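Asker: below are the sequence and a predicted model for it; my questions follow.
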Amino acid sequence: MNRFLLVPTFLLAAVSAASAANAVPPVAAPPKAAMAPKLVEPHLRIARSGLKGHARVALTFDACMGKADDRILSVLVSERIPATIFVTARWLKHNPQALQVFLQNPDLFELENHGQNHIPAVDKPVSIYGIASAGSPEAVRQEVQGGADAMLAAGIVPPRWFRGSTAKYDLSSIAQIRAMGYRIAGYSVNGDGGSLLGAAVTEKRIAAAKDGDVVISHINQPTHAAGEGVAKAILDLKAKGTEFVRLQDVEDTGDDQTTQ
């Protein structure tokens, strides 16, 4: 009896072994991609004049890299228009003559920190408009502090405002930059679309600025058509009786904890 029972038991074991050999191995789940940081592009507004026909506007300019745009700079100087200029260490290195114009007109120009190498001040790895972010808290600190160090070496007073490349941040980098003693400069009117817009569109955008607006444009692209529109818009605003102020001269309100 036992001998007959051995046969089916043996066959069953053989079939089980064959099935196991032909079984498809489980597919490992792909690793989860790292979540991209939530980026914010803060807005900034200044205290309004509150007077009809007398708008108060802050013109701010980024000097990222490249050369100074004399079309804009000459209008600011000749028309005595105050403005806030955000400079990088890279721009300062290659534009000593424009820097002297700024320093010789302290009643007009407030110089502030745009960073060392024009790297987005985001403390996690991400690409913004094709530009790699700082990627770590240490790199954010270097970008901010390196910009300030270059300004001091150039004879500029210590900066109090910071605006990073692309004007985008994550909330943790905002907290870090604030802890370094800076207010972070957003804006309410994008005047020239990164200096990529045409002259007519740029002029229309900036000339439409209202009471309390902070305008961002660029003063480092002398070959771009946008600069012509910026220069014309400044004259348009002046003709309407606009009061131009620097950020250091007025109270302001920025969202995402950038100024409060």
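Answerer: Everything's here; your move.

Asker: from Ala134, how far off is the residue nearest the centre of the chain?
Answerer: Nearest residue to the geometric centre of the chain (C-alpha atoms, centre = their mean): Ala167, 1.7 Å. Taking C-beta to C-beta, to the nearest Å as the criterion, Ala167 is separated from Ala134 by 14 Å. Quick note: C-beta positions are derived from backbone N, CA and C, even for glycine.

Asker: ok, now Pro96?
Answerer: Look at Pro96 and Ala134: by C-beta to C-beta, they are 27 Å apart.

Asker: neighbour count for the two, which is higher?
Answerer: Ala134 (26 against 9; other C-beta atoms under 10 Å).

Asker: can you read off the pLDDT for the more buried one?
Answerer: You'll see Ala134 listed with a pLDDT of 97.

Asker: show me what contacts it?
Answerer: The contact partners of Ala134, by C-beta atoms under 8 Å, 6 or more residues apart in numbering, come to Ile119, Pro120, Ala121, Val122, Asp123, Val140, Gln142, Glu143, Ser173.

Asker: can you rerun that using 10 Å?
Answerer: When contacts are counted by C-beta atoms under 10 Å, 6 or more residues apart in numbering, Ala134 is found next to 115-117, 119-126, 140-144, 164-165, 173.

Asker: with Ser188 instead?
Answerer: So Ser188 contacts 43-46, 57-58, 209-210, 212-216, 254 (C-beta under 10 Å, 6+ apart).

Asker: ok, so of those, who is nearest Tyr182?
Answerer: Gly254 (11.4 Å; C-beta to C-beta).

Asker: got the contacts of Ser188 as CSV, with distance to Gly241 columns?
Answerer: Below are these laid out as CSV (distance: C-beta to C-beta, whole Å):
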residue, distance to Gly241
His43, 25
Leu44, 23
Arg45, 20
Ile46, 17
Val57, 11
Ala58, 16
Ala209, 13
Lys210, 13
Gly212, 15
Asp213, 15
Val214, 19
Val215, 16
Ile216, 22
Gly254, 26
